[in-house]
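Visitor: From the sequence below, what's the structure:
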Amino acid sequence: MIVLRWQLLITIVMACALALLMNLQYAVSAFLGGMVSIISSAAFAVIVSRHKGYTAGGTIRTALRAEAVKIFLTIALLWIVFKTYDNVNAFAFIGTFILTVIAHSLALFVSDSKDTDHIN
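Guide: Numbers count the residues shown, from 1 in each chain. Coordinates of the predicted model:
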């Protein structure tokens, strides 16, 4: 969940910054780029969180299924945005999309637990 929050924060910051610095079309494009990544990451998280198996094979199958759904959703959503939104600014859209994808890839380095021990 923390990764989805970071993706949402990145999306909002980029959209607001581009709204102030450029125009509304840049902001909407940035928002849409971030949402493509957020929606596909959320689908990935839902599939992984429903995993009930305890075997290594079951875990790998779940991870591969979740990644396949994420890739399919990403491609479909990218196509939908470029097909339906005529005023999309590719720089803002792809730039925000890339930032949120990077945030998702950093999930391995983030702990969701609030009661982890910290070394002082």
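
Visitor: where along the protein do the helices fall?
Guide: 2-21, 24-49, 56-84, 90-105 (DSSP state H).

Visitor: Please identify the most buried of these.
Guide: Among these, helix 24-49 has the highest mean neighbour count (mean count of other C-beta atoms under 10 Å), at a mean of 20. Heads up, the C-betas are built off the backbone N, CA and C, glycines and all.

Visitor: packing partners for that helix?
Guide: helix 2-21, helix 56-84, helix 90-105 (3 or more C-beta pairs under 8 Å, 6 or more residues apart in numbering; DSSP states H and E).

Visitor: Now mean pLDDT too, for the ones you listed, in TSV please.
Guide: What follows is those, written out as TSV (pLDDT from 0 to 100):
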stretch	mean pLDDT
helix 2-21	93
helix 56-84	92
helix 90-105	92
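
Visitor: could those helices go into TSV alongside distance to residue 37?
Guide: Putting the helices and strands packed on helix 24-49 into TSV (distance: least, C-beta to C-beta, whole Å) gives the following:
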stretch	distance to residue 37
helix 2-21	6
helix 56-84	7
helix 90-105	4
